[in-house]
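J.: Sequence and predicted structure, then a few things I'm wondering about:
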Amino acid sequence: MAERLETESRKLLGRLRDAMAGEDAGQARLNKITHLIATSMGCEVCSIYLFRDDETLELCATEGLNPGAVHETRMRLGEGLVGRVAKQRIVINTPNAPQARGFRYMPETGEEIFSSFLGVPIQRIGESLGVLVVQSKTAREYSADEVYALEVVAMVLAEMTELGAFVGEGAAMSARHSQPVLLRGIVAQEGVAEGHVWLHEPRVVVSNPIADDPVKEEERLVEAVDHLRVGVDQMLSMAVGDKDQQQVLETYRMFANSKGWMRRMVDDIQSGLSAEAAVEKEQSLARARMSQSNDAYLRERLSDLDDLSNRLLRILTGQGSDTGAEMPADPILVARNIGPAELLEYGRGLKGIVLENGSVGSHAAIVARALAIPLVVHANRVTNDALNGDHIMVDGEQGIVHLRPDDSVATAFRDKIAMQAAAQERYSSIINEPAQALCGSVVSLHMNAGLMADLPSLGGSGAEGVGLFRTELQFLVRNKMPRRSELSALYARVLDAAGDKRVVFRTLDIGSDKVLPYMKPNDEPNPALGWRAIRVGLDKPGVMRMQLQALIRAANGRPLTVMFPFIAQLEEFRAARREVDKAMAREEKLGHRLPAKLEVGAMLETPSLAYASRALFEEVEFLSVGGNDLKQFFFAADRENERVRRRYDTLNVSFLSFLERIVERCTESNTPLSFCGEDAGRPVEALCFAAIGFRSLSMRPASIGPVKSLLRRCNLDEVRDVIAQATDRGEMSVRAAVMDYVRGQHHT
Ligand code: PEP
Ligand code: MG
């Protein structure tokens, strides 16, 4: 870049900084800035447009256009040249604006007399804040250096906007981070919560975007990049054996060593930015490209660069994950994504969780469910919009998040919380009552668990026992394989906590989406249909044997119930059963006490098992329908893919009649049957399952009250008729008919 221009740019930034340091209120500052830019760049016009809301830009300050248009002229995103710059996050540089595509004449500004137009987006780490424009009478295209200089200024403006420099008297604009925001996501764990934002990875705040001494800034940058490289190399040496992670880290290393990236940041520093502002400027550009690109590969690489830039910013600002901020008393965790182990570290102290990515079937969701913390996933942009300490309300019933809600929203939301509390109160009055329907049939309700932390709910929830204990959670939340003695101690504590209530321990169910950090990952094209659960257990029996031993020792003479996941054919159950028998014999030989009673069952999670020979139904001591998996295979719809998962209703007549067939077969062979997928915890679904003959359901603890309450108000024979009639009428799902029936029951 030309030396003269660099000096010019530095001078302009220096003046900008002085303007910011003054006592002026927001509007006066903005006015001063437009004046400074116009004079420094030798243009007649300089204007700043900022977002008023997500869709509207407003002229907030101008030098050269009609001052009366300030705060009057507005345009929609995409409208006119300014709107296009903001929407596409591109630079528009044209010598003849009135002839340019998309030009929109706005008489109130008097701008038709200006021929050349240069507009650059004002953005901060990919978040669009507005547009900075210069215009001149003479028809000329601005030079590359001028464009660059304006981009640097725009970057500084973005930083200042973020710091709230333009708020206040004169109301130039209200800071983006002080406005209420409503985000729509997807429910991963029901419940409602009010609290204050706690960012898992706090936003880095750059308070010094402008720097005087480029030599010193460059040194700081070089030092930080060195630090970053060492860190990446270290991570690489630790990732041996994990191909995916290695690939990502190799990309990191490539970026960290990239000359182009470094050169651009050094150029930014030369033009007057501080080292951190330079990193952020490049990060913003990468994010803007990311949002525009349709190429998945490129997007992924840009996202790697984004992550790397974040690390670099943390090194430069010294703002690690510990920014010194104090966790609020009622924290609602906000993160792009989070692993199950990290989530467990936060534990039950969290009131709610909002994730920008995440998925309903993820480990984090399973943990959130186990901890009964409301969780909304796919809340787009939440990590951009939320600041530590912001007031936030999470509606885990509808998947809505209110950030900095205004009073009316907050009041309505609190009413909703109060209503839920009242309902809980009602449920607690029937805690010790049976789930007996009006027809006299009794359904036994159990809870699903997976963590020690779940057990205290056993007493309070009204559950008769633990119908599904997901043992893999203990494996997932560690970074190394647990030892047998640890497992046995843990299972013993689970049995102690359960007292005389039955606990169904499901043996390790890994593979598919449940990947152990310390086990070699298996590259499979379709992991949900791949080497998982009992298939791993039987092929590599070491872990399963250890687990069975740990269970027998934990029982220490008490009754023990073991269930094998994902049994698809009789032989798999027989092989698994043989492992149990061998483990019993071995333990007996070693002098350990054997369980007083041993029950061994299987999960029915693949349609094949429903059609197994009668021998299977006779050999298992019980069956439990794993509806989450069974449904995904029945409809051929990935349980983790929100798009397809939601297309198929559990109350679809095909699925219900399939379940009914399973009930029949179990009745014929006298095999105890239960249902333990998530659907068992949804009251209307639970009612239908009971109506078609399930007499045992296992669900998350918080669902027991609502399910029991509904069952007690309904007559299962009547529901059965409703289902049959809806099916005869050719309805695809019985939901509407059953809901009608349920509504009728409220009035009786
Ligand atoms: C199921 O598949 O329904 C089930 C209970 O098991 P998981 O959700 O752990 O796969
Ligand atoms: Mg399953």
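T.: Arrived safely. Ligands and ions are numbered 1, 2, ... in the order given.

J.: how about the residues of the stretch 601-748 of the chain near ligand 2?
T.: For the stretch 601-748 of the chain, the contact set with ligand 2 under CB under 5 Å from the ion comprises 605, 626, 629. (C-beta placed from N, C-alpha, C; glycine too.)

J.: Please produce JSON lines containing these, extended by neighbour count.
T.: Shown next, in JSON lines, are these (neighbours: other CB atoms under 10 Å):
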{"residue": "E605", "neighbour count": "25"}
{"residue": "G626", "neighbour count": "26"}
{"residue": "D629", "neighbour count": "22"}
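
J.: need those in TSV with pLDDT and secondary structure, can you?
T.: Converted to TSV, those look like this (pLDDT from 0 to 100; DSSP: H, G, I helix; E, B strand; the rest coil):
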residue	pLDDT	secondary structure
E605	98	coil
G626	97	coil
D629	94	helix
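
J.: for the residues you listed, which one is nearest N208?
T.: D629 (53.5 Å; CB to CB).

J.: Could you check which helix or strand contains the closest residue to V360 other than its chain neighbours?
T.: Spatial nearest neighbour of V360, excluding adjacent residues (CB to CB, 6 or more residues apart in numbering): A188 at 4.6 Å. Using DSSP states H and E, A188 maps to strand 186-189.

J.: and that strand, what does it pack onto?
T.: Counting contacts by 3 or more CB pairs under 8 Å, 6 or more residues apart in numbering; DSSP states H and E, strand 186-189 packs against helix 363-370, strand 375-377.

J.: next one: the helix or strand that that strand is followed by to chain centre, how far?
T.: Where DSSP H and E defines the elements, the next helix or strand beyond strand 186-189 is strand 192-199. Put simply, strand 192-199 sits 15 Å off its chain's centre (CA atoms, centre = their mean, to the nearest Å).

J.: And the following helix or strand past strand 192-199, what's buried?
T.: Note on strand 192-199: by DSSP H and E, the next helix or strand toward the C-terminus is helix 214-238. For helix 214-238, a neighbour-count test (16 or more other CB atoms under 10 Å) marks 214, 217-218, 220-221, 224-225, 228, 232, 236 as buried.

J.: if we look at ligand 1, which of the residues of the stretch 601-748 of the chain next to ligand 2 are close to it?
T.: Applying CB under 6 Å from any ligand atom to these, one finds that 605, 626, 629 fall near ligand 1.

J.: Quick one: the residues you listed as JSON lines, columns for distance to V722 too.
T.: Shown next, in JSON lines, are those (distance: CB to CB, whole Å):
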{"residue": "E605", "distance to V722": "28"}
{"residue": "G626", "distance to V722": "26"}
{"residue": "D629", "distance to V722": "28"}
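
J.: Just after the strand or helix carrying M265, pick out the following helix or strand.
T.: M265 belongs to helix 259-270 when elements are defined using DSSP H and E. For helix 259-270, the following helix or strand on the C-terminal side (DSSP H and E) is helix 275-292.

J.: Run through the strands of the stretch 501-650 of the chain in chain order.
T.: 502-506, 560-567, 598-604, 623-625 (DSSP state E, counting those that start in this stretch).

J.: mind giving me JSON lines with those and columns for mean pLDDT, mean neighbour count and distance to N384?
T.: Putting the strands of the stretch 501-650 of the chain into JSON lines (pLDDT from 0 to 100; neighbours: other CB atoms under 10 Å; distance: least, CB to CB, whole Å) gives the following:
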{"stretch": "strand 502-506", "mean pLDDT": "97", "mean neighbour count": "23", "distance to N384": "40"}
{"stretch": "strand 560-567", "mean pLDDT": "98", "mean neighbour count": "26", "distance to N384": "39"}
{"stretch": "strand 598-604", "mean pLDDT": "98", "mean neighbour count": "23", "distance to N384": "41"}
{"stretch": "strand 623-625", "mean pLDDT": "98", "mean neighbour count": "27", "distance to N384": "42"}
